[in-house]
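Student: Okay, predicted coordinates and the sequence, questions at the end:
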There are 2 protein chains.
Amino acid sequence: MSRRTGVPTLEDVARAAGVSRATASRVVNGDERVQDATREAVLAAIRELGYSPNLAARSLVTRRTDTIAVVVPESDERVFNDPFFAGTLRGVTKALALTELQMVLLIGSPGDGDGRLDRYIRGRHTDGAIIVSHHANDNLWRSVAEVSLPTVFLGRPFAEHPGLTFVDVDNVAAAALATGYLVDSGRKRIGTVAGPADMSAGADRLQGWHNVLTEHGLPADAVERGDFTVAGGGDAMTRLLARHPDLDAVFVASDLMASGAMDAIRASGRAIPTDIAVVGMDNLELATRTQPPLTTVVNPVDEMATQAVAMLLAQLEGGPILEPVTMPTELVVRESA
Amino acid sequence: MSRRTGVPTLEDVARAAGVSRATASRVVNGDERVQDATREAVLAAIRELGYSPNLAARSLVTRRTDTIAVVVPESDERVFNDPFFAGTLRGVTKALALTELQMVLLIGSPGDGDGRLDRYIRGRHTDGAIIVSHHANDNLWRSVAEVSLPTVFLGRPFAEHPGLTFVDVDNVAAAALATGYLVDSGRKRIGTVAGPADMSAGADRLQGWHNVLTEHGLPADAVERGDFTVAGGGDAMTRLLARHPDLDAVFVASDLMASGAMDAIRASGRAIPTDIAVVGMDNLELATRTQPPLTTVVNPVDEMATQAVAMLLAQLEGGPILEPVTMPTELVVRESA
DNA sequence: CTGAAAGCGCTAACAT
DNA sequence: ATGTTAGCGCTTTCAG
């Protein structure tokens, strides 16, 4: 016995079962061509010794790590305060639980730019990646392309690029749906609290709002940007009201921002929806608990995550890069509009 | 050139720099005793080739994985809906960002009991573990002990065991603080919505509530259990009111449950705090947004997480297992009590 | 169906 | 200061 550490190796298992390492390995990996009796012996040895494969050794030879990275180029603050990310992570976790893959969560720390994430990707330390909240100036898309790491974006990456695939909702259509509802209910002066200009969700939702207003010959000049946080939404709404006191409705590009915006509206002495109607987007649980409950557009994060994982798995199994997928969206009418 | 894959190895770097693999390795690992000129050459080769160490190969020889597991034996649903876990993960992420360690998130999936988590721990696939929400019938504590995996519990594990360390708040004291406040403000008939009996936080908070009431000669019989969710808190409160319609106050063992409990109280036609005073625990952001804002006891998850990571790092660096740490707590008075 | 042997990429003695 | 060498534990040809 040359076991210095307490951790049994495949060699130990093989010896205990009276077979070669190769056969033991076959049993561990479910290879069919092992005699039943032999298999039993090995299995018994494994149980007895409490053997568990050394993943590093395995991955050194298989050239797979059996992990996938979930990359979120946002601060830990954002990620863990925004239910949108929670939903995304929940979806990914759930989908991954059915596989042998382990999830490695990579969150952008404000400290070092995106250098850490980039290095991790370029190092090919995982078999694939799901990249969640992509900004225009992230070069993550370039990195995954250069090292050809199987990747699916959750939310359309700002820079489209052949070979990059993603799953998203049609954010232009979603915003149009929300804005159209406001128009149809007779609102004439409709502003928007938009998302960041460097994210496709920010840009597209603004576009959808703009399209509908111009189609109807209504002014599309009341725009302020928020950063997808409650506070950011509140600040943006305050600025919006200062510049356009005649607003009678607003489309806010996320429920979290809408929550802040509603506080700002109330603080200005206006009533919701009587003075100002509010429509959000995401349909977080939060939307049912605002005062009044928030009319919003569904952002099916769970389904999107599941879809993204499925597309990634297909690639990992050697399939082609699948076409981008767009998920359907719907309006949920509550009391804020 | 024998490079079949596109991924450069240390060997490639060494060759390009005209040195041996050993020297290249020294540069990569920041070994001092390398001539500046040599170092420069190696660094240049690394940049040129876009070299990144193969972690599997490294960990095979160093016997370290440079990862730590964050184990949460709860369903993904719970984990990603409960801001308590979000706070914990935020704290751990933040603390880990300052190190070279990568976090592996292990979440209990309802499917396979805790077998998956257990196997992962016993396989020693990480250098250490932080175990977050521990239940009485989890045998995780036994597993980490048996394979002597450096571990810190976040929240006192139900089974105390020499060699197990943890960081927690004094939940008995916290509950006593909340209940004492209710007593001091003249309430006479104080119930509680307690947490699960199989978790130390559930048991201890119930104990603290019980202690104060008996000390003051008040009845301590109005108890219903919830599962630390909004819905669970609501249901428990409904049962509590049915059995004890004379209640004039309630200590609810978590803010999430308190939120549900407040809905149930209102639904019963009672006013908060006039008819029933409510005190929660955790001091989530949510507590500021309930109607009325919730009086609660601070659960300093961020600091606890930081502390837990620090204690784990100390162990990983070869230090002794540190004594359990108890964090201080305080009452935040808002309008619900 | 099973075993022998090669080697994945790296670090860490041990030489020099 | 640098090179040589011996594995780390595993999978995978290749023989038999």
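Tutor: Arrived safely.
Student: quick one: low-confidence parts of the stretch 1-150 of chain A?
Tutor: A:1-5, A:109-114 (pLDDT under 70).
Student: residue boundaries of the strands in it?
Tutor: A:67-72, A:102-107, A:128-131 (DSSP state E, counting those that start in this stretch).
Student: want to try a markdown table for the ones you listed, with distance to DNA strand D and mean neighbour count as columns?
Tutor: Bear in mind the C-beta positions are built from the backbone N, C-alpha and C, glycine included. Below are these laid out as a markdown table (distance: least, CB to the nearest atom of the strand, whole Å; neighbours: other CB atoms under 10 Å in any protein chain shown):
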| stretch | distance to DNA strand D | mean neighbour count |
| --- | --- | --- |
| strand A:67-72 | 15 | 25 |
| strand A:102-107 | 15 | 22 |
| strand A:128-131 | 18 | 25 |
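Student: In a markdown table: those strands, plus distance to residue A:301.
Tutor: Putting those into a markdown table (distance: least, CB to CB, whole Å) gives the following:
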| stretch | distance to residue A:301 |
| --- | --- |
| strand A:67-72 | 13 |
| strand A:102-107 | 16 |
| strand A:128-131 | 12 |
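Student: Out of these, which is closest to DNA strand C?
Tutor: strand A:67-72 (16.8 Å; CB to the nearest atom of the strand).
Student: I'd like to know which elements that closest one is packed against.
Tutor: helix A:83-97, strand A:102-107, helix A:115-122, strand A:128-131 (3 or more CB pairs under 8 Å, 6 or more residues apart in numbering or on different chains; DSSP states H and E).
Student: rewinding a little: what's the closest of the strands of the stretch 1-150 of chain A to residue B:237?
Tutor: Residue B:237 lies closest to strand A:102-107 among those, at 35.1 Å (CB to CB).
Student: still on that earlier bit, can I get the helices and strands packed on strand A:67-72 in JSON lines with distance to DNA strand C?
Tutor: As requested, the helices and strands packed on strand A:67-72 are exported to JSON lines (distance: least, CB to the nearest atom of the strand, whole Å):
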{"stretch": "helix A:83-97", "distance to DNA strand C": "26"}
{"stretch": "strand A:102-107", "distance to DNA strand C": "19"}
{"stretch": "helix A:115-122", "distance to DNA strand C": "13"}
{"stretch": "strand A:128-131", "distance to DNA strand C": "19"}
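Student: Looking at those, spot the one closest to residue A:251.
Tutor: helix A:83-97 (17.1 Å).
Student: In terms of secondary structure, what does the closest one contact?
Tutor: strand A:67-72, helix A:76-81, strand A:102-107, helix A:301-316, helix B:76-81, strand B:102-107.
Student: Show the contacting residues for the residue most central in space within chain A.
Tutor: Of all residues in chain A, the one closest to the mean position by CA atoms, centre = their mean is residue A:132, 3.9 Å from it. Listed by CB atoms under 8 Å, 6 or more residues apart in numbering or on different chains, the contact partners of residue A:132 are A:70, A:71, A:72, A:73, A:85, A:88, A:153, A:154, A:155.
Student: Out of these, which is nearest to residue B:23?
Tutor: residue A:71 (33.5 Å).
Student: For that closest one, give its distance to residue A:80.
Tutor: As judged by CB to CB, to the nearest Å, residue A:71 and residue A:80 stand 15 Å apart.
Student: again, but for residue A:39
Tutor: Residue A:39 is 46 Å from residue A:80, by CB to CB.
Student: In terms of neighbours, single out the busier of the two.
Tutor: Neighbour count, other CB atoms under 10 Å in any protein chain shown: between residue A:39 and residue A:80, residue A:80 has more, with 25 against 18.
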